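Colleague: Build me a structure from this.
(2 chains)
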Amino acid sequence: MATQRPDEEMGDIESAAIKSECPVHDTQAKPTQEQHELDESLSRSKSRQSNPLARIASHLITRSIRDPGLPPDGGVVAWTQLFCAWLAIMNFWGFVNSFGAFQPYYESILPEPASTISWIGSVQACLMFSLGIITGRALDRGWFRPTVAVGIAIQLLGIFALSFSHTYWQFLLTQGFCTGVGGGIFFVPIMGLCSTYFSTHRGIAIGIITTGNSLGAVIYPVVVRQLLGKIGFGWTIRVLGFLNVVCLLIALAFMKPRLPPRKAGPLIEWEAFTDVPYCLHVLGICCLMPPVYCVLYYVSEPAAP
Amino acid sequence: MNTWKVSNINQLATFARDVLDMPYTESLNLVIILNGVGTPARILPGYIVDRYIGVLNVMILSLVFNIIVLWSWLAIESIPAYYAWAVAYGIASAAFQSLFTTTIAAYTTDITKTGARVGSAFAVIGLLALVGGPISGALLLAADGNYTVPIAWASASTCVGTASCAVARCMRFGWRIFIKC
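Modeller: Numbers count the residues shown, from 1 in each chain, chains lettered A, B, ... in the order given. Predicted coordinates:
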């Protein structure tokens, strides 16, 4: 596979595949010469993906991608990926940060103390980061679409289940664990995928994506505060859920992997932990994160009125 | 001073309400401002990174800014000063938060391993994110609601983290200051 058109970009493969769907049916009446050329170009770009199941599978995983060369570092495809990642990050981080708006509400309806209630938000944030060790690998193995689809499904399940919750354990399981697991599954693959499209502009690309974090952290708490008193808890959560449905499905539809899968190697990259500067850097960030969470994450957790 | 309550581990809003007697709704404005000023502060460092001095250098500079702002929290005594502080911290922390994912990727030479490397780092960072909040809550409780202790802890922890990142950068890319990395 690698010997065929190694310079071919992933975008060309996808667009060739998409274009091929319509012409295959319309060209019945066209000259056979054109049909032949079309078939030939199709077979070149899709190699031996002839039966429908294999074609669907090749859309889901990235096995059909050959060496894509250098990152495009711009252009419509790369910026579309960036916008989709921005939507996903705004959704997920907006939801995590709007926990601060839920905290006083939970304090008013639950008998548990405030610090116990705040574990809901902590568990959510922890899972969001920690699951990356598995799902980051799934991105490398070429399972981007199935992974993100599962993550989105679990997160939406958690949000809609949350809208029917009444006790502390229900809130912890739905908002803490379920949405945390869901977001944890799709957060790292989406960020990782987007960064593979950029090289020299990677810094500004990631910067733009994380503005979604800031904006989500402004929009979601305001939505919750405005709606909670008017339409009640259940429908406030469902409004946020429908917002997530739209944004996350846009992200799922338009994001596409660029790099070919890497089959060899274990699930966890232990080699990374023998790289001393890398470890030291990660340890440094470990010292830097708790203060940020102290001030910035709990900042959006308003004190009970 | 003795009326400081430990109702929540919410540092900034609680500090505003307990220490500065700021009303509840006003302390929420502070939260929105802090997140809002973060938006441009997340793009600008990325621009400087790509054009000029490299992601690790910008990250270390932003961390030094973080340290200065965090320690200056101890000097806040009035509401206008607190608003100014929130704007400064919003900028400083947003710069760090937008950069740290890219810095982990910068330590990965093989681009196909970026996903696994960033994922491994996030797994460790996530565990710390889980204990970060309870630590500050416990410190506040142990110090009888004296905010000096958790503030000093947050600032000191940031100093240690900055030193660790700076040493890691020098080990990988050399001890020269003026080098793009």
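
Colleague: if you go through chain B in chain order, where are the helices?
Modeller: Under the criterion DSSP state H, helices of chain B are mapped to B:11-18, B:24-48, B:55-72, B:79-106, B:114-142, B:148-173.

Colleague: Domains of chain A: list them as residue ranges, please.
Modeller: A:10-60, A:75-299 (automatic domain parsing).

Colleague: tell me the helices in the stretch 1-150 of chain A, going along the chain?
Modeller: Using DSSP state H, counting those that start in this stretch, the helices assigned to the stretch 1-150 of chain A run over residues A:10-26, A:32-46, A:52-60, A:75-97, A:99-109, A:114-117, A:119-130, A:132-140, A:144-162.

Colleague: Just name the shakiest helix or strand of chain A by mean pLDDT.
Modeller: One helix or strand of chain A scores below all others by mean pLDDT, DSSP states H and E: helix A:10-26, with a mean of 35.

Colleague: Just give me the neighbour total for the residue lying closest to B:K180 once chain neighbours are set aside.
Modeller: Excluding the flanking residues, the one nearest B:K180 by C-beta to C-beta, 6 or more residues apart in numbering or on different chains is B:G54, at 4.0 Å. Every residue, glycine included, has its C-beta placed from N, CA and C. B:G54 has 19 neighbours, counted by other C-beta atoms under 10 Å in any protein chain shown.

Colleague: follow-up on the earlier one: now the helices of chain B as CSV including distance to A:A138, mean pLDDT and mean neighbour count?
Modeller: Shown next, in CSV, are these (distance: least, C-beta to C-beta, whole Å; pLDDT from 0 to 100; neighbours: other C-beta atoms under 10 Å in any protein chain shown):
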stretch, distance to A:A138, mean pLDDT, mean neighbour count
helix B:11-18, 36, 62, 24
helix B:24-48, 26, 77, 20
helix B:55-72, 25, 93, 21
helix B:79-106, 17, 86, 22
helix B:114-142, 8, 75, 22
helix B:148-173, 27, 91, 19
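
Colleague: would you turn those helices into CSV with distance to chain A?
Modeller: Converted to CSV, the helices of chain B look like this (distance: least, C-beta to the nearest C-beta, whole Å):
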stretch, distance to chain A
helix B:11-18, 4
helix B:24-48, 3
helix B:55-72, 5
helix B:79-106, 4
helix B:114-142, 2
helix B:148-173, 3
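
Colleague: which residues touch B:I43?
Modeller: By C-beta atoms under 8 Å, 6 or more residues apart in numbering or on different chains, the contact list for B:I43 reads A:204, A:207-208, A:211, B:98.

Colleague: How about A:I154?
Modeller: A:178-179, A:181-182, A:185.

Colleague: Chain B: which of those residues is nearest?
Modeller: A:I185 (11.1 Å; C-beta to the nearest C-beta).

Colleague: Specify the residue positioned farthest from the middle of chain B.
Modeller: With distances taken from the mean C-alpha point of chain B and given as C-alpha atoms, centre = their mean, the most distant residue is B:T112, at 29.5 Å.

Colleague: In contact with that residue, which residues are there?
Modeller: A:140, A:259, A:262.

Colleague: I figured the first one hits A:P260, correct?
Modeller: No: the pair A:D140 and A:P260 fails to qualify as a contact (C-beta atoms under 8 Å) at a distance of 10.0 Å.

Colleague: Between these two, tell me which one has more neighbours.
Modeller: Using other C-beta under 10 Å as the criterion, A:D140 and A:P260 rank with A:D140 on top: 26 against 19.

Colleague: The more buried one and B:T108, how far apart?
Modeller: Separation of A:D140 from B:T108 (C-beta to C-beta, to the nearest Å): 11 Å.

Colleague: go on, B:V131?
Modeller: 27 Å.

Colleague: And the residue of the stretch 101-250 of chain A that's closest to chain B?
Modeller: A:G136 (2.4 Å).

Colleague: Of the domains of chain A, flag the one that's most buried.
Modeller: Of all the domains of chain A, domain A:75-299 has the most neighbours on average by mean count of other C-beta atoms under 10 Å in any protein chain shown, namely a mean of 21.

Colleague: hmm, back to that, excluding sequence neighbours, find me the nearest residue to the residue of the stretch 101-250 of chain A closest to chain B.
Modeller: That would be B:G119: by C-beta to C-beta, 6+ apart, it lies 2.4 Å from A:G136.

Colleague: try B:C165
Modeller: A:G284 (3.7 Å).

Colleague: Which secondary structure element is home to the one you found?
Modeller: Assessed by DSSP states H and E, A:G284 sits inside helix A:276-292.

Colleague: picking that back up, spit out the contact partners of the residue nearest to A:G136.
Modeller: A:132-137, A:188, A:192.

Colleague: what stretches of chain A score poorly on pLDDT?
Modeller: A:1-67, A:100-101, A:114-115, A:263-269, A:293-294, A:296-305 (pLDDT under 70).

Colleague: Kindly list the longest helix within it.
Modeller: Ranked by number of residues, the top helix in chain A under DSSP H is helix A:202-254.

Colleague: What helices and strands are in contact with that helix?
Modeller: When contacts are defined as 3 or more C-beta pairs under 8 Å, 6 or more residues apart in numbering or on different chains; DSSP states H and E, helix A:202-254 sits against helix A:75-97, helix A:99-109, helix A:144-162, helix A:179-195, helix B:24-48, helix B:79-106.

Colleague: Among those helices, which comes closest to A:T116?
Modeller: helix A:99-109 (9.7 Å; C-beta to C-beta).

Colleague: Determine the angle, from 0 to 180 degrees, between that closest one and helix A:119-130.
Modeller: For helix A:99-109 against helix A:119-130, the angle by axes from the mean of the first three to the mean of the last three C-alpha atoms, to 10 degrees is 150 degrees.

Colleague: in chain B, which residue is closest to the centre?
Modeller: The C-alpha lying nearest the average C-alpha coordinate of chain B belongs to B:S93 (C-alpha atoms, centre = their mean; 4.1 Å).

Colleague: wait, what's in contact with that one?
Modeller: If you count contacts by C-beta under 8 Å, 6+ apart, then B:S93 has A:292, A:295-296, B:38, B:66 around it.

Colleague: follow-up on the earlier one: may I see the helices and strands packed on helix A:202-254 arranged in TSV, with distance to B:C159 as well?
Modeller: Converted to TSV, the helices and strands packed on helix A:202-254 look like this (distance: least, C-beta to C-beta, whole Å):
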stretch	distance to B:C159
helix A:75-97	26
helix A:99-109	27
helix A:144-162	36
helix A:179-195	28
helix B:24-48	20
helix B:79-106	14
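
Colleague: of all the ones you listed, which lies closest to A:Q170?
Modeller: Short answer: helix A:144-162, nearest of the helices and strands packed on helix A:202-254 by C-beta to C-beta, at 7.9 Å.

Colleague: I'd like the next helix or strand past that closest one.
Modeller: Next along from helix A:144-162, by DSSP H and E: helix A:168-171.

Colleague: export that next one as CSV, just CAs?
Modeller: Extracted C-alpha coordinates of helix A:168-171, given in CSV (Å, rounded to 0.1, in the frame of the first residue of the first chain):
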residue,chain,number,x,y,z
TYR,A,168,-26.0,12.6,45.5
TRP,A,169,-25.0,9.2,44.1
GLN,A,170,-27.0,9.7,41.0
PHE,A,171,-25.3,13.1,40.4
